[in-house]
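1. please work out how this folds:
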Amino acid sequence: MYNINYLKLHGDKNKMNTFIHRLRSDFNTQIKLVQLVNLIVSVAGLAYMFATASWGYGLIALVTFLIFGIIGANVGLHRYFSHRTFKVSRPVEIFLAVMGTLTTLGSIISWVAIHRYHHQHADTLEDPHSPRHIGWWKAYTYQWNRANISRKYIRDVASDPVITFLHRHFFKVVLTYVVVLAIINPWLVVFAYCIPATGCLNGVAAVTVIGHIHGYRTYETSDTARNSWIATIFSLGEGWHNNHHAHGYKWKQGEKWWEIDPPSWVIRMIKQ
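-> Next comes the predicted model:
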């Protein structure tokens, strides 16, 4: 993991270029290893839950997944940090940053870089995770192509001291949360971290793949993004993908009455 200094990084082209390179190499590999461990532990945990009828733990996993997925991933990483579709107070911004980090989908800086790049090159050969070009299996399992991402995609987030702190100490922040859970009850590590984080990972994969191959198109866009109720269920509200690709600046993605959009409910309460 690359320990950047945000003040030097902001004004040094060479440091920024090195940082971008590291985002798509060792840092990415380390996160994938953590995600793999989370997946294995999640499967074992779910098997234990069903075998012992531990439905209380299942409820904990569900509630935590809703918090991680809707607030951390959808509202935080996606609609706020990546697209800046609304404004919040600084305390709320920091809360979203921490929750986004705990999803273990990647640091805010790395996630924003890939996502903004994807939107600019959606479904072209430069898109790192287009199922049209790399196949649905590789896109779903995060075997994405490497991309030469310019520093312009992360200037705003890389200049924020809190966000760069969470990047430099990404694994420490996640580990601190895991340790606290373990002290309270070791099973919480499984049901209040591993399963919710794996659920978030699956949600993003669902939008990446299902959101481009299933559903209907309200708008004619240059990509294959579709509005998919299946992707919406898995991602907790991000499946109205055609709407989003047509109007990426909007914080509300569900437009028709049946396009249920839980993240927009949260945004409506916290935006300024």
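
2. quick check: the residue in the chain sticking out farthest from the centre vs residue 185, distance?
-> In the chain, the residue that sits farthest from the middle, by C-alpha atoms, centre = their mean, is residue 52; the gap is 31.7 Å. Separation of residue 52 from residue 185 (C-beta to C-beta, to the nearest Å) stands at 15 Å. Using the backbone N, CA and C atoms, a C-beta is placed for each residue, glycine as well.

3. again with residue 73
-> Here the criterion is C-beta to C-beta. By it, residue 73 lies 25 Å from residue 185.

4. these two: which is more packed in?
-> The residue with more neighbours, out of residue 73 and residue 185 and counting by other C-beta atoms under 10 Å, is residue 73; that gives 28 against 13.

5. need the contact list for that one.
-> 100, 103, 105, 200, 203-204, 236 (C-beta atoms under 8 Å, 6 or more residues apart in numbering).

6. next helix or strand past the longest helix seen in the chain?
-> The single longest helix within the chain, with elements called by DSSP state H, is helix 26-52. Following the chain from helix 26-52 toward its C-terminal end, the next helix or strand by DSSP states H and E is helix 55-66.

7. avg pLDDT for that next one?
-> Here helix 55-66 scores 98 as its mean pLDDT.

8. for that helix, name the packing helices and strands.
-> Of the remaining helices and strands, those touching helix 55-66 by 3 or more C-beta pairs under 8 Å, 6 or more residues apart in numbering; DSSP states H and E are helix 26-52, helix 195-213.

9. in TSV: those helices, plus mean pLDDT and distance to residue 120.
-> As requested, the helices and strands packed on helix 55-66 are arranged in TSV below (pLDDT from 0 to 100; distance: least, C-beta to C-beta, whole Å):
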stretch	mean pLDDT	distance to residue 120
helix 26-52	93	20
helix 195-213	96	16
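
10. what's around the spatially closest residue to residue 251 that is not a sequence neighbour, how many residues?
-> With C-beta to C-beta, 6 or more residues apart in numbering as the criterion, residue 251 has its nearest non-adjacent residue at 3.8 Å, and that residue is residue 85. Residue 85 has 20 neighbours, counted by other C-beta under 10 Å.

11. with residue 95 instead?
-> Once other C-beta under 10 Å is used to define contacts, residue 95 is seen to have 16 neighbours.

12. ok, now residue 39?
-> As a burial measure, the neighbour count of residue 39 was computed by other C-beta under 10 Å and equals 16.

13. kindly report the same for residue 141.
-> The local packing count at residue 141 equals 12, with neighbours defined by other C-beta under 10 Å.

14. shouldn't it be in contact with residue 205?
-> Yes: in this structure, residue 141 is within contact of residue 205 by C-beta atoms under 8 Å, at 7.3 Å.

15. helices along the stretch 101-250 of the chain, start to end?
-> Counting by DSSP state H, counting those that start in this stretch, the stretch 101-250 of the chain has these helices, from start to end: 108-120, 131-134, 136-140, 155-158, 161-168, 170-184, 187-189, 195-213, 229-235, 241-246.
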